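Trainee: give the three-dimensional model of this entry:
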Amino acid sequence: MTNLAAVIPLSGRDVLAENVTAPDADVPEPATLYYLTVIAFLLHTNVDGSCPRCREVWPCDHLRLAYRLREAF
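Mentor: Reported below is the predicted structural model:
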C-alpha cells in the first residue's frame, strides 16, 4: 500500500466569502482570470430568474463575460 499524496491547504481562500479577492500578484494572469471566472459562476447564480448579486435578469452581463472567458480557456 502506498502513502497518500500530500494535500495543498487552501487556507485564506474562502470561495463563498462575501469579500472575495483575486489571488496574489505573483500568480500568472491566465490563472487569475480562471480564478475570477470560477468565482463569477459561484456568485452570480439564478434565483427566481434574476441574479442576486447584480439585481439584473439572469444571466447577467458579468456571468456572460465569465462564460466567454471560460470558452476561451
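Trainee: only the buried residues of stretch 54-69, if you could.
Mentor: Using 16 or more other Cβ atoms under 10 Å as the test for burial, stretch 54-69 gives 58, 59, 60, 63, 66. For glycine as for every other residue, the C-beta is placed from the backbone atoms N, C-alpha and C.
Trainee: from the residues you listed, which land in helices?
Mentor: Assigned to helices by DSSP state H, the following of the buried residues of stretch 54-69 qualify: 63, 66.
Trainee: in a markdown table, list the buried residues of stretch 54-69 along with distance to residue 39.
Mentor: Shown next, in a markdown table, are the buried residues of stretch 54-69 (distance: Cβ to Cβ, whole Å):
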| residue | distance to residue 39 |
| --- | --- |
| 58 | 17 |
| 59 | 15 |
| 60 | 14 |
| 63 | 11 |
| 66 | 8 |
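Trainee: tell me the contacts of the closest residue to residue 30 other than its chain neighbours?
Mentor: Spatial nearest neighbour of residue 30, chain neighbours left out: residue 73 (7.6 Å); criterion: Cβ to Cβ, 6 or more residues apart in numbering. Residue 73 makes contact with 30, 34, 37, according to Cβ atoms under 8 Å, 6 or more residues apart in numbering.
Trainee: fine by me, we can end here.
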